[in-house]
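1. Requesting a structural model of the entry that follows:
(chains A and B)
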Amino acid sequence: MNPRSSLILREVCRLVIPAVMLFALYVQFHGEYGPGGGFQAGVIFAAAVILYALVYGRQKAQRILPTETVRYFIAAGVLLYAGVGVATMLLGGNFLDYNVLLQGHQQAQHLGIFLIELGVGVTVGAVMIAIFYTLDEFCE
Amino acid sequence: MLAHLPALQVVIPLISAPACVLVTRANWAWLLATAVSIISFVIALLLVHEVSEHGVLSYHLGGWRPPLGIEYRIDHLSAYLLTIVAATASITMIAARESIKQEIPPEKASLFFSAYLLCLTGLLGIIASGDAFNIFVFLEISSLSSYVLIAMGRDRRALTAAYQYLIMGTIGATFILIGVGLLYMLTGTLNIQDLQQRIPAIVDSRTLHAAFAFLTAGISLKIALFPLHLWLPNAYAHAPSMITVFLSATATKVSVYVLLRFFFDLFPQEISLQQFHLGKILLPLSIIAILTASFVAIFQENIKRMLAYSSVAQIGYMTLAIGLGSADGTIAGMVYLFNHAIIKGGLFLAMACVLLRIGSVQLEDFAGLGRRMPWTMAAVVLLGLGLIGIPFTAGFVSKWYVLSAAIEQGHWLAAIVVVGGSLLTVLYIWKIIEHAYFKTPVSATRQSQVILEAPRQMLLPLWLLVAGSFYFGLDTSFSLGFASTAVQALFH
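-> Here you go, the predicted structure:
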């Protein structure tokens, strides 16, 4: 635990962090109806983890989200995005042509955008966390 | 599946890059990177075949029709460049294993190969894409990953070199983005074919002039055209050997392609040449580049740096040929680009062999290398002849066409510089040969007499390039023939 963080800071963060994470998920999954999307959601989610690491110490954050796992998430997001593209190709469409994913035109576009935005969110969030970890380790 | 080739060319390396992160074993990551490079090469060859059979291929990403959607457009010019990049990638990766093992810590190897695959994705994407903004995005993908790759060099100077490149490269990319942004503001489109249709109507607009200027400065930085070449020598000298091989044969070449694509296709070439006087910018700068960079190369003690300066001079030849503004000049530039990728890639590969065995590429350490690494040094001599432009080598063909294009345009100064540059090349190549064959090592111990030839896995690709340098000196049906078709399409 970071010895410099005060009791008030710790307790407030205990309340705030779940809310921030929930908001990140809202921005992620509601991106097609309101402002937001994968990039913003990833950044907000990473902000929650970074806040946790700042207040409770990086080591504690890394116990929950080890650097290795973060690295896998970085790769997984891109793979999901490109994987959707490859899936559409295998289903007979062009790269990232969502229309072949489902029967209805709108549902298909919806699903495609949902999946690639999820990929964006995962990679962006993981990259933000990885940058924070690296800088913090470097400063020690 | 053939219809998907333009997308697969970019998608396969793109999807393998994150997959490479998941593979933690260095050897497996190398195997994946090599396999992907070879697959890309096969796809590039299939595209060459498709383009020669059926003409321009257009692939609509996401099923959205251009100009609204992003279009991948493979014409002769793209297919030509794709072949060069993918072939270089395959040869580099086949040879890379030992060298990477020595220069890159094993725990970072999979990340290294992942960055390499991203760089390959970016370079192939720039060539395949027919959308100005998409080209910028791929330019950034390839640049950002090459900064990382250069920074992984074995000594700390690699970091400053990568930082220098990062700053200069980012300025260049920003200028290109501003240029593309202004074009978008003027025309409301980003598709290159669509832009080409719309630009003649607004040619008097001052915004268009600004866009042209920004694009010229940005692309010149990426090409490393004199005087914007300062990032290149350090980056090439301190990068991991294999990355130098790869980048020297691809990165600046792809930037030359961007120059052609933007100023001979996006801007109709009559407008670039007659109204914006592209030739008047390119010719003097190229002439200075050839002379000064060749001159500076003579005084370099680090051979990788020497060859890097030589690259700046060679880039000068390409831009000189393009700046002549005739179809023949541009064809000469393309042939030069092709042949130089083979020759310089080979020379840097030979330096990778030397670095692997001797641990240094300083000139004084070359003493006696002719006896210790006979095959590598013989390759250096033969490739050096190609660089100078001795008849029967690929280098001769390319210099000959640049020379005849210059004379045809009545540009005698350019013609003299082309020949003069070759003489300067003789001087620095001779310095390497002199040290390798006619000097005895200072500490003539028994140990420094042992034969230390590079592993076969590196020698075979090296000699493949040597063979290429002679083959394309005699049979120019692909290098010249395909380039002529490509350029004639630009000049209508």
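2. Close to chain B: what parts of chain A are there?
-> A:71-72, A:74-79, A:82-83, A:85-86, A:89, A:93-99 (CB under 8 Å from any CB of the partner chain). Just so you know, the C-beta spots here come from the backbone N, C-alpha and C atoms, and that holds for glycine as well.
3. let's go with 10 Å and repeat that
-> Counting by CB under 10 Å from any CB of the partner chain, the residues of chain A lying close to chain B are A:68, A:71-72, A:74-83, A:85-86, A:88-90, A:93-100, A:109, A:112, A:123.
4. Quick check on those: which are buried?
-> A:71-72, A:74-83, A:85-86, A:88-89, A:93-100, A:109, A:112, A:123 (16 or more other CB atoms under 10 Å in any protein chain shown).
5. Out of these, which sit inside helices?
-> Counting by DSSP state H, those place A:71-72, A:74-83, A:85-86, A:88-89, A:109, A:112, A:123 in helices.
6. give me the low-pLDDT residue ranges for the stretch 301-450 of chain B?
-> For the stretch 301-450 of chain B, residues meeting the criterion pLDDT under 70 lie at B:442-449.
7. Recalculate using a threshold of 90.
-> The stretch 301-450 of chain B contains residues with pLDDT under 90 at B:325-327, B:356-374, B:389-392, B:409-411, B:434-450.
8. again with the stretch 51-200 of chain B
-> Using pLDDT under 90, the stretch 51-200 of chain B drops low at B:53-55, B:61-69, B:96-110, B:152-157.
9. What segments of it are strands?
-> Secondary structure of the stretch 51-200 of chain B (DSSP state E, counting those that start in this stretch): strands at B:57-60, B:71-74.
10. and the closest residue to B:Phe472 other than its chain neighbours, what is it in contact with?
-> With sequence-adjacent residues excluded and distances taken as CB to CB, 6 or more residues apart in numbering or on different chains, B:Phe472 is closest to B:Ala394, at 4.1 Å. Counting by CB atoms under 10 Å, 6 or more residues apart in numbering or on different chains, B:Ala394 touches B:335-336, B:338-343, B:383, B:386-387, B:468-474, B:476, B:479.
11. Separate out the buried members of the residues you listed.
-> B:335-336, B:338-343, B:383, B:386-387, B:468-473, B:476, B:479.
12. Quick check: the residue of the stretch 101-250 of chain B nearest chain A.
-> Of all residues in the stretch 101-250 of chain B, B:Ser114 sits closest to chain A, with a separation of 8.0 Å (CB to the nearest CB).
13. quick one: low-confidence ranges for chain A?
-> Short version for chain A, where the test is pLDDT under 90: A:1-10, A:29-38, A:56-57, A:91-107, A:109-110, A:137-140.
14. can you give me the helices in it?
-> According to DSSP H, the helices that chain A contains are A:7-29, A:38-56, A:58-64, A:67-90, A:105-139.
15. How about residue 78: what's its closest non-neighbour residue?
-> Going with chain A. Here the residue nearest A:Val78, using CB to CB, 6+ apart, is B:Pro18, at 4.2 Å.
16. Correction: the question concerned chain B.
-> That would be B:Ile127: by CB to CB, 6+ apart, it lies 4.9 Å from B:Ser78.
17. how close does that neighbour sit to B:Glu301?
-> From B:Ile127 across to B:Glu301, the span is 36 Å (CB to CB, to the nearest Å).
18. Between the two, which has more neighbouring residues?
-> A direct count of neighbours by other CB atoms under 10 Å in any protein chain shown for B:Ile127 and B:Glu301 places B:Ile127 higher, at 30 against 11.
19. B:Ser58 is in contact with B:Val51, correct?
-> No - counting by CB atoms under 10 Å, B:Val51 does not reach B:Ser58; the two are 11.3 Å apart.
20. Let me see the contact set for B:Leu462.
-> B:91, B:95, B:245, B:345-347, B:349-350, B:352-353, B:375-376, B:378-380, B:383, B:454.
21. nope, A:Phe95 is what I was after
-> Going by CB under 10 Å, 6+ apart, the list of residues near A:Phe95 reads A:82, A:84-86, A:88-89, B:4, B:6-8, B:10-11, B:59-63, B:70, B:72.
22. Next, work out how far apart it and B:Phe138 are.
-> For A:Phe95 relative to B:Phe138 (CB to CB), the value is 15 Å.
23. can you tell which of the strands of the stretch 51-200 of chain B is closest to chain A?
-> strand B:57-60 (5.8 Å).
24. List the pairing partners of the closest one within its sheet, with orientation.
-> strand B:71-74 (antiparallel) (DSSP bridges).
25. got the CA positions of the partner strand in CSV?
-> Below are the C-alpha coordinates for strand B:71-74, written out as CSV (Å, rounded to 0.1, in the frame of the first residue of the first chain):
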residue,chain,number,x,y,z
GLU,B,71,-10.7,1.2,-51.2
TYR,B,72,-7.6,-1.0,-51.6
ARG,B,73,-6.4,-0.4,-55.1
ILE,B,74,-3.7,-2.6,-56.7
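26. List the residues that contact the closest residue to chain A within the stretch 51-200 of chain B.
-> Minimum separation of the stretch 51-200 of chain B from chain A (CB to the nearest CB) falls at B:Gly63, amounting to 3.6 Å. Contact analysis of B:Gly63 by CB under 10 Å, 6+ apart lists A:88, A:93-100, B:69.
27. Turn these into CSV, columns for distance to B:Ala79.
-> Output for those, formatted as CSV (distance: CB to CB, whole Å):
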residue, distance to B:Ala79
A:Thr88, 25
A:Gly93, 24
A:Asn94, 20
A:Phe95, 19
A:Leu96, 23
A:Asp97, 24
A:Tyr98, 29
A:Asn99, 29
A:Val100, 28
B:Gly69, 22
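28. hmm, which two among these are most spread apart?
-> The two members of the contacts of B:Gly63 with the most space between them (CB to CB) are A:Val100 and B:Gly69, at 15.6 Å.
29. What's the separation between B:Ala486 and B:Phe338?
-> For B:Ala486, the distance to B:Phe338 - CB to CB - is 11 Å.
30. Please apply the same query to B:Leu182.
-> 33 Å.
31. quick check: angle from the one helix or strand the residue nearest to A:Val78 maps to to helix A:67-90?
-> Using DSSP states H and E, B:Pro18 sits within helix B:5-22. With axes from the mean of the first three to the mean of the last three CA atoms, to 10 degrees applied, the angle from helix B:5-22 to helix A:67-90 works out at 160 degrees.
32. Quick check, B:Ser272 in contact with B:Ile219.
-> No - in this structure, B:Ser272 is not within contact of B:Ile219 by CB under 10 Å, at 11.8 Å.
33. Common neighbours of the two, please.
-> With CB under 10 Å, 6+ apart, B:Ser272 and B:Ile219 have common neighbours B:259, B:262-263.
34. circling back to that earlier point, pick the most deeply packed of the helices of chain A.
-> helix A:38-56 (a mean of 21; mean count of other CB atoms under 10 Å in any protein chain shown).
35. elements contacting that one?
-> Here helix A:38-56 touches helix A:7-29, helix A:58-64, helix A:67-90, helix A:105-139, going by 3 or more CB pairs under 10 Å, 6 or more residues apart in numbering or on different chains; DSSP states H and E.
36. With distance to B:Gln409 added, can I get these in JSON lines?
-> Formatted as JSON lines, the helices and strands packed on helix A:38-56 follow (distance: least, CB to CB, whole Å):
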{"stretch": "helix A:7-29", "distance to B:Gln409": "59"}
{"stretch": "helix A:58-64", "distance to B:Gln409": "64"}
{"stretch": "helix A:67-90", "distance to B:Gln409": "46"}
{"stretch": "helix A:105-139", "distance to B:Gln409": "50"}
